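**Q** Any chance you could fold what I've pasted below:
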Amino acid sequence: MKWPNIALIPLVCLIGAMSACATPLTYSAKDIRSQIVDAETNQPIEGAIIVAQWVLFHIGIGHGGHKSRIHIHETVTDKNGNYTIPAWGPKVRLPMTELHDRDPEILIFKSGYEPRGVSNSIDRSDSLRISEWDGRVIELKKPNANIEKQAIHLSSLYGGLKYGDVRTDWRNYPRMLLAIYAEKRRLQSLGLPPGHAGGIPNVDNFEKSDLDYLRRLEK
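**A** Below is the predicted model of the structure:
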């Protein structure tokens, strides 16, 4: 039996410690500018709601859990389908967390189209984060599924927003919340069976102060 070289063990431990320390103490992000268009006509889509979220990976747990986003921003496309996510940072990361490929994860929704989410294809170790989707055109497709499958897609979109404490975090994406709930009601009006998209909250049941805040955004 061949025993390992004992002299190498401290070196291996040192390398492991250095690797753990390689994660930046703070994160920042460059601004992101992109355009949303119809996949068939290539025409710009006005009023698409964009939520960009930088989702932390908790070591030993994964994505998710309490306070899992170091930054989140919501915006809406203009008449040319363009949107901008402002630069931010630096922000101190939580202990035992780091950013991976969801830096950011960009969620997109417009009624009449399939929801879409995009993120980076590789993990980086940089303190300054960039989006591979900066400067690119993002296409949205018209739905070709039945209303039950559309409800599944809608629930998945809402599920992607549920990092952290949903009771308070929704104020970071109120327009998206309203749009998702309105789409749920639309599907129900078309005959969506009870129980589908049940995880999407009924905003009409929110506390009055929260409901007043949401209603002001609808005007």
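
**Q** Tell me where the protein has strands.
**A** With DSSP state E as the criterion, the chain has strands at 26-29, 32-38, 49-58, 62-63, 69-76, 82-85, 88-92, 97-99, 105-109, 116-118, 128-129, 137-140.

**Q** Run through who's touching the first one.
**A** In other words, strand 26-29. 54, 70-71, 87-93, 99, 103-104, 127-131 (CB atoms under 8 Å, 6 or more residues apart in numbering). Every C-beta, even on glycine, is put in place using the N, C-alpha and C of the backbone.

**Q** Going through these, which ones are buried?
**A** For the contacts of strand 26-29, a burial check counting by 16 or more other CB atoms under 10 Å picks out Trp54, Ile70, His71, Trp88, Gly89, Arg93, Leu99, Asp103, Pro104, Ser127, Arg129, Ser131.

**Q** ok, Ala22 touching Arg124?
**A** No: counting by CB atoms under 8 Å, Ala22 stays clear of Arg124, with 11.4 Å between them.

**Q** now the longest helix along the chain, how far from the chain's geometric center?
**A** Using DSSP state H to define each element, the chain has its longest helix at helix 174-189. Put simply, helix 174-189 sits 18 Å off its chain's centre (CA atoms, centre = their mean, to the nearest Å).

**Q** same thing with stretch 183-200?
**A** Worked out by CA atoms, centre = their mean, stretch 183-200 lies 23 Å from the chain centre.

**Q** neighbouring contacts of that stretch?
**A** Stretch 183-200 has contacts (CB under 8 Å, 6+ apart) with 109, 111, 147-148, 150-152, 154-155, 158-159, 180-181.

**Q** Ser131: what's it in contact with?
**A** Ala29, Lys30, Ile32, Ala52, Ile85, Asp103, Pro104, Ile106, Asn120.

**Q** nearest to Asp204, of these?
**A** Ala52 (27.7 Å; CB to CB).

**Q** what about that closest one, distance to Ala29?
**A** Remark: distance between Ala52 and Ala29 (CB to CB, to the nearest Å) = 9 Å.

**Q** Ser156: neighbouring residues, count only.
**A** Neighbourhood size, Ser156 [other CB atoms under 10 Å]: 11.

**Q** Once you drop chain neighbours, what's closest to it?
**A** Nearest residue to Ser156, sequence neighbours excluded (CB to CB, 6 or more residues apart in numbering): Pro115, at 7.2 Å.
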